[in-house]
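A.B. asks: Predicted model follows, preceded by the sequence.
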Amino acid sequence: MKNIRVGIPRALLYYRYADAWKTFIEELGYEVITSPETTAGILKDGIKKSVGDLCLPVKTFLGHVESLKDSVDFLFIPRYISVEHDAYMCPKILGLPDVVRACFTNLPRIIDPMFNIKKDKDNTITEFSRQVARILSLEPEAVEKSFIKNSGAGYMNEQEEYSLTDKKINVGLIGRPYLLFDRYLGKNLFRTLSELGANPVYIQPSENEITEAMTVIPKWVYWSMGKEVTASAHAFFKDDKIDGIINICSATCGPDSFTGDLIRKRLNTRNKPYMTLSVDEHASDTGIQTRVEAFVDMIGKVIV
Amino acid sequence: MTSLKGEELKGYLGIDVGSVTTKVVLIDYDGSVLWNSYRRTMGQPIRALQSAFSSLKKDLGGVDIRGVGATGSGRKLADHIAGADRVKNEITAHAVSAIHLLPNVRTIVEIGGQDSKLILIRNGVVTDFSMNTVCAAGTGSFLEHQAARLGISIGELGSYALRSASPARIAGRCTVFAESDMIHKQQMGHNLEDIVAGLCDALARNYLNNLARGKDLSSPIIFQGGVAANPGIKAAFEREINKEFIIPGHYPIMGAIGAALLVRDTKDTRFKGLSVSEQRLYTSSFYCSDCPNTCGVIEINDSEKVIARWGDSCGKWANMEE
């Protein structure tokens, strides 16, 4: 079994589950190959492979598949439908293995187990593991044991801390992790803010914070990630130490267009500086730089 | 303005290198404009800046420049060429000059060559802003393109619009659609005045839908930037929201004035001097191939010597010592 290589594209849910996936697959005895960080070249390849009107993060995902596909034996592209009760991933993530198959020919075999939490059923992980075991001809029990053991690992573990400091200006950053932490797509917002003398802050909201935020808005958000973004926004708006909030989203993201509006209209009751940065494949760094600079100036109340 | 005999003129320079035009102003400590230049960038910002500097020298003779502020999308370039004490984004620069002119201003509408901005001010500080995204629908470049297509000069566009009794209905969401809509109206037999007025309405609507959605545009409203030259647009805005749009005398150079206002307390200026206009400056560029990002790196050269480099995301070219 040595030297069988499983590729994980560094995009989308990688930025949530990377560590869990990596250790899980390695423990099964495979070598894990992760694609490099997104570059202009990777995005260009993704756009070339893309069909129809896919969003920027999915196009990027395709670019990562392109960079991996010829050097691995399997691609790990699980189908995450739901990771909690009454909340879902967006349709493009639901259909990700199908999107990839439709956009490429000559792909290595895709490991695409379904992760779908359903009401009244507690066999999500067993079912997920059984599908992985079938594709890789392994013992389902061993796969399940390994998955459960590793499922606690997240992505933030390898990130720096982005928390409050004594700096004058603390800017709360909200957005999907695959935009915020992809330095190319997210225009390196963390660095840009630091260079301007501001302190970027990121939080992953707790269950309680999510529940609280959901009671303030008229209706529960049923996209898992949208719910988190909304809850982070709510926590930041309440926190006196946070001076302003930047929401980074992909220009054509459906869920983000709903949550963005909810955040602006329902959560910003104290009129804190709040800005949406929408990125697409044409967004220039200059335009982002200008907006972020002006935002920091606005918080710092630059007057003559 | 002629040079003052005996005593050398003192002032602060504001440079706004925009996508379409390059603006340079000289102000005194109180913010009065002593001299200004507004010229087309023509795709060559360095040349535009150099020629502004040589006319400054020609017009005023010697002048003691105490501070330099740079703004506009070419602000970094301006800094490398001229040596700026502050390099500010154009949103802040526009806000600074408008507040200086009218301290109780609450809304700034700024439309330039390829950018449009909305800045909300409360109690003399910026509280919110928005800026058009990649689409240039509803900016000066689009108006200019349409004026050229209709065979009228950009300066006349406004007066055509004002003569219209019944503006044609034109879609303003996208320049491509607006253009095909205008052609359709022209082939239907609408007169030029109505089409131009319709175009102005479309531009104002586009701005209000994109930038002002959900925002409170309260008076006083200042309208600045090159497009404020067009009385047809001013009229369209006023018709649309039923509020007065105040156009400052120096509307096209407000960004540059803002940049200059920001450097009035400079101690030792980094300004390289007006002689920059005589240097043999040219730029060159290359794509770095050291990593897959393939950043485009820009070099400014003075004769054979590289004086500045930028554009790389890792900074290794920008920080390289020659």
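C.D. replies: Everything's here; your move.

A.B. asks: check contacts around residue A:93.
C.D. replies: A:12-13, A:80 (CB atoms under 8 Å, 6 or more residues apart in numbering or on different chains). Bear in mind the C-beta positions are built from the backbone N, C-alpha and C, glycine included.

A.B. asks: which SSE is it in?
C.D. replies: Residue A:93 belongs to helix A:91-94 when assigned by DSSP states H and E.

A.B. asks: go on, residue A:115?
C.D. replies: According to DSSP H and E, residue A:115 maps onto strand A:114-116.

A.B. asks: ok, and what's touching that strand?
C.D. replies: A:78-83, A:124, A:127-128, A:131.

A.B. asks: at 6 Å instead, please
C.D. replies: Strand A:114-116 is contacted from outside by A:78-82, A:128, using CB atoms under 6 Å, 6 or more residues apart in numbering or on different chains.

A.B. asks: Go through the contacts of residue A:93 and say which is closest to chain B.
C.D. replies: Nearest to chain B among those is residue A:12, at 19.5 Å by CB to the nearest CB.

A.B. asks: mind checking pLDDT for that closest one?
C.D. replies: We have a pLDDT of 96 for residue A:12.

A.B. asks: So which residues of the chain form strands?
C.D. replies: This is for chain A. Secondary structure of chain A (DSSP state E): strands at A:5-8, A:31-34, A:74-76, A:79-82, A:109-111, A:114-116, A:170-175, A:199-201, A:244-250, A:274-279.

A.B. asks: sorry, should have said chain B
C.D. replies: Going by DSSP E, chain B shows strands at B:9-17, B:21-27, B:33-40, B:63-71, B:86-87, B:107-111, B:116-122, B:125-131, B:221-224, B:245-246, B:281-287, B:296-302, B:305-310.

A.B. asks: coming back round to it: please spell out which residues along the helix holding residue A:93 are buried.
C.D. replies: Judged by neighbour count (16 or more other CB atoms under 10 Å in any protein chain shown), helix A:91-94 contains these buried residues: A:92-94.

A.B. asks: Ok, stretch B:276-284 next?
C.D. replies: If you call a residue buried by 16+ other CB under 10 Å, then stretch B:276-284 has these buried ones: B:276-277, B:279, B:281.

A.B. asks: The strand holding residue A:115: partners in the sheet, and parallel or antiparallel?
C.D. replies: Looking at strand A:114-116 with DSSP bridges, its partner strands are strand A:79-82 (parallel).

A.B. asks: Can you give me every residue that contacts the closest residue to residue A:68 other than its chain neighbours?
C.D. replies: Using CB to CB, 6 or more residues apart in numbering or on different chains and skipping the chain neighbours, the partner closest in space to residue A:68 is residue A:7 (3.8 Å). Each residue near residue A:7 by CB under 6 Å, 6+ apart is listed here: A:33, A:68, A:72, A:75.

A.B. asks: Now do the contacts for residue A:126.
C.D. replies: Neighbours of residue A:126 in contact, by CB under 6 Å, 6+ apart: residue A:144.

A.B. asks: Going by distance to residue B:145, which of the contacts of residue A:7 wins?
C.D. replies: Closest to residue B:145 out of the contacts of residue A:7 is residue A:68 (44.0 Å), distances taken as CB to CB.

A.B. asks: Give me the below-cutoff pLDDT ranges for the chain.
C.D. replies: As the question left the chain open, I've gone with chain A. A:1-2, A:120, A:154-161, A:283, A:303-304 (pLDDT under 70).

A.B. asks: my question was about chain B
C.D. replies: B:1-7, B:134-137, B:321-322.

A.B. asks: Which parts of chain A belong to which domain?
C.D. replies: Chain A breaks down by automatic domain parsing into domains covering A:5-156, A:161-299.

A.B. asks: Give me every residue in the stretch 151-300 of chain A lying close to chain B.
C.D. replies: Counting by CB under 6 Å from any CB of the partner chain, the residues of the stretch 151-300 of chain A lying close to chain B are A:282, A:286, A:290, A:293-294, A:297-298.

A.B. asks: For chain A, tell me whether the lengthiest helix in chain B is touching it.
C.D. replies: Looking across chain B with DSSP state H, the single longest helix is helix B:192-210. No - applying CB under 6 Å from any CB, one finds helix B:192-210 separated from chain A by no less than 11.8 Å.

A.B. asks: Check which helices and strands that helix sits against.
C.D. replies: In this structure, helix B:192-210 makes packing contacts with helix B:157-162, helix B:175-188, helix B:231-241, judged by 3 or more CB pairs under 6 Å, 6 or more residues apart in numbering or on different chains; DSSP states H and E.

A.B. asks: That one versus strand B:125-131: what angle between them?
C.D. replies: On the basis of axes from the mean of the first three to the mean of the last three CA atoms, to 10 degrees, helix B:192-210 is oriented at 120 degrees to strand B:125-131.

A.B. asks: what's helix B:192-210 in contact with?
C.D. replies: Contacts of helix B:192-210 (CB under 6 Å, 6+ apart): B:116, B:137-138, B:146, B:157, B:160-161, B:163-164, B:166-168, B:170, B:172, B:178, B:182, B:185-186, B:232-233, B:236-237, B:240.

A.B. asks: which residues does residue A:6 contact?
C.D. replies: Contacts of residue A:6 (CB under 6 Å, 6+ apart): A:25, A:30, A:32, A:74, A:76.

A.B. asks: Same list (those residues) but as TSV, adding neighbour count and distance to residue A:167.
C.D. replies: Below are those laid out as TSV (neighbours: other CB atoms under 10 Å in any protein chain shown; distance: CB to CB, whole Å):
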residue	neighbour count	distance to residue A:167
A:25	22	40
A:30	21	44
A:32	18	38
A:74	20	45
A:76	25	40
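
A.B. asks: which non-adjacent residue is nearest the residue in the stretch 151-300 of chain B that chain A sits nearest to?
C.D. replies: When scored by CB to the nearest CB, the stretch 151-300 of chain B has residue B:292 as its residue closest to chain A, at 3.9 Å. Leaving aside its chain neighbours, residue B:292 sits nearest to residue A:39 (3.9 Å; criterion: CB to CB, 6+ apart).

A.B. asks: Provide the count of other residues in contact range of that neighbour.
C.D. replies: Residue A:39: 19 surrounding residues under other CB atoms under 10 Å in any protein chain shown.

A.B. asks: And for the one 10 residues further on?
C.D. replies: Neighbourhood size, residue A:49 [other CB under 10 Å]: 19.

A.B. asks: residues touching it, list them.
C.D. replies: Contacts of residue A:49 (CB under 6 Å, 6+ apart): A:62, A:103.

A.B. asks: hmm, 7 Å instead?
C.D. replies: Contact analysis of residue A:49 by CB atoms under 7 Å, 6 or more residues apart in numbering or on different chains lists A:62, A:66, A:103-104.

A.B. asks: among these, which are in helices?
C.D. replies: Per DSSP H, the contacts of residue A:49 map to helices at A:62, A:66, A:103.

A.B. asks: The closest residue to residue B:129 other than its chain neighbours and residue A:187: what is the separation?
C.D. replies: Distances taken as CB to CB, 6+ apart place residue B:119 nearest to residue B:129, at 4.6 Å, with adjacent residues excluded. Distance from residue B:119 to residue A:187, counting by CB to CB, to the nearest Å: 22 Å.

A.B. asks: what's the answer for residue B:204, then?
C.D. replies: 31 Å.

A.B. asks: for residue A:208, same thing?
C.D. replies: Distance, residue A:208 to residue A:187, by CB to CB: 32 Å.

A.B. asks: what about these two, which has more around it?
C.D. replies: Shown here are residue A:208 and residue A:187; by other CB under 10 Å, residue A:187 has more neighbours (22 against 9).

A.B. asks: what residues are up against residue A:86?
C.D. replies: residue A:222.

A.B. asks: Quick check: it vs chain B, distance?
C.D. replies: 29 Å (CB to the nearest CB, to the nearest Å).

A.B. asks: now residue A:122
C.D. replies: Applying CB to the nearest CB, the value for residue A:122 to chain B is 44 Å.
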